[in-house]
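Colleague: Dropping the sequence and predicted coords here.
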Amino acid sequence: MNRKITLIAAGVSLIMVLGWWFLMWSPAGADIEAADLRYQSSLAQAQDLDLQLQRLEATEARMPEMQSRFQTLTAAVPGSPDMADFTVAVDEASRSSGIDFLTVTASPPRGADATLGLSVVDVQITGAGGYFQMLDFVNRLQETHRVFVIDNLTVSAAPATSDELLDGPPGLNVTLAGRLFLTDVATATAEGA
């Protein structure tokens with residue numbers, strides 16, 4: 001009988017341990033494992049957020065520089081043709097370089113350039129002067145605040161008058177064909193060149 005009670009007690013104990021294992025420990029272990037996974041995920045997310053915060057703080061520190069660059073780019077590629085301003089810049093470049101400024105002509109803005117996403121104004125500039133004055137003029141044009149791309153440069157000798165003495169290099173006639181760029185197609189079309 002003693003043996004029977006011992007076996008029953010062992011069996012009941014085994015059932016209680018198995019019941020405790022399946023009803024208490026196993027679900028709690030799964031909950032602990034799930035909580036650990038959530039904790040690890042939260043740590044990774046916190047690291048990502050820290051990196052993002054560092055990048056945002058670095059961007060904030062560079063904000064004045066970026067705003068300055070944006071203003072420079074906005075002046076270089078405005079939203080309207082502003083041909084009067086460009087003509088004044090061309091006139092100043094021609095006077096500073098010592099050439100005779102003749103004409104600036106511009107076409108109406110045409111649709112957005114497929115590669116740049118900007119509207120384009122075709123510009124032609126003609127002038128007359130010496131070789132070094134022309135080089136200086138072209139360099140000064142490139143230093144203006146507007147983006148002006150020179151696509152074609154045609155140079156020819158200026159005709160000499162009969163009473164001129166050829167004691168130096170001949171004068172030159174220069175024609176520059178280039179492009180100005182605009183950011184706002186609607187405004188450019190409304191204002192024209």
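Modeller: That came in fine, so what should we check first?

Colleague: Please make it C-alpha for all contacts and neighbour counts, starting now.
Modeller: Noted.

Colleague: since we're on residue 99, how many residues are nearby?
Modeller: 23 (other Cα atoms under 10 Å).

Colleague: Report the contact partners of it.
Modeller: By Cα atoms under 8 Å, 6 or more residues apart in numbering, residue 99 lies in contact with 127-130, 133-134, 137.

Colleague: Filter those residues down to the buried ones, PyMOL style.
Modeller: Buried residues among the contacts of residue 99 (16 or more other Cα atoms under 10 Å), as a PyMOL selection:
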select buried, resi 127+128+129+130+133+134+137
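
Colleague: Please render the contacts of residue 99 as CSV that adds secondary structure, distance to residue 45 and pLDDT to the earlier fields.
Modeller: Output for these, formatted as CSV (DSSP: H, G, I helix; E, B strand; the rest coil; distance: Cα to Cα, whole Å; pLDDT from 0 to 100):
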residue, secondary structure, distance to residue 45, pLDDT
127, strand, 64, 88
128, strand, 67, 87
129, strand, 67, 86
130, coil, 67, 84
133, helix, 63, 88
134, helix, 61, 87
137, helix, 58, 90
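
Colleague: So if we follow the domain assignment, how does the protein break up?
Modeller: Recorded structural domains for the chain (assignment: automatic domain parsing) are 1-61, 75-191.

Colleague: right, so those: which one is the most enclosed?
Modeller: domain 75-191 (a mean of 16; mean count of other Cα atoms under 10 Å).

Colleague: Looking at the domains of the chain, which is nearest to residue 68?
Modeller: With Cα to Cα as the measure, domain 75-191 is the member of the domains of the chain nearest residue 68 (10.7 Å).

Colleague: Distance from the chain centre to the closest one, please.
Modeller: 25 Å (Cα atoms, centre = their mean, to the nearest Å).
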